[in-house]
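[1] fold the following, please.
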Amino acid sequence: MRLESLLGSSLAARAARDRLGHGRRSVEAPPANALPFFACSTRARHGDGPTLLECQTYRHYGHSKSDPAPYRPKDEVEQWLERDPLKIARARLLDDGLGEAEITAVEESVKGLMEHAVRRARAAPYPDSQTDAATEFCP
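    Below you'll find the model as predicted:
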């Protein structure tokens, strides 16, 4: 079964929307469109309540470095790589007049933030096993 046939309204997303209900918003965000995230975060920052986001995505690679994913057709992977939200957002920013240097500066800044976060996480002590068990929640 090809992935396209699995997209749309998933059972889990429909169940979550039904449970959320009661006048709350839900938004389906297709893989190539990051704009719903901005609208929802703006509404939340202005005190307009939560929004359930159903984010459709695609894993471009195998499950691990040792998984070359031979079970997926090459044309399917290529189609999804063309719909990469980062690639599409970059093109849209360029179309909207933002310069390549500005985009690259933001990318470098984010890369630096991520590297800093990884260093902090690696330097942090492991959680105490007693505390860890008391803070985990599994229904």
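[2] host element of residue 131?
    In the assignment (DSSP states H and E), residue 131 maps to helix 129-135.
[3] read off the pLDDT value for the residue most central in space within the chain.
    By C-alpha atoms, centre = their mean, the mean C-alpha position of the chain lies nearest to residue 55, the distance being 6.6 Å. The confidence metric pLDDT takes the value 73 at residue 55.
[4] which strand residues bridge it?
    On the basis of DSSP bridges, residue 55 is bridged to residue 29.
[5] biggest helix in this structure by residues?
    Taking DSSP state H as the criterion, the chain has its longest helix at helix 100-123.
[6] pretty sure residue 27 is in a strand, no?
    Yes: assessed with DSSP: H, G, I helix; E, B strand; the rest coil, residue 27 lies in a strand.
[7] need the three-state assignment for the residue lying closest to it once chain neighbours are set aside.
    Spatial nearest neighbour of residue 27, chain neighbours left out: residue 36 (4.6 Å); criterion: C-beta to C-beta, 6 or more residues apart in numbering. C-beta: built from backbone N, CA, C; applies to glycine. At residue 36 the chain is in helix, as set by three-state DSSP.
[8] related to what we said a few turns ago, could you give the mean pLDDT of the helix holding residue 131?
    pLDDT averaged over helix 129-135 gives 69.
[9] pull the helix or strand with minimum mean pLDDT from this structure.
    Among the helices and strands of the chain, helix 11-20 carries the lowest confidence by mean pLDDT, DSSP states H and E, at a mean of 59.
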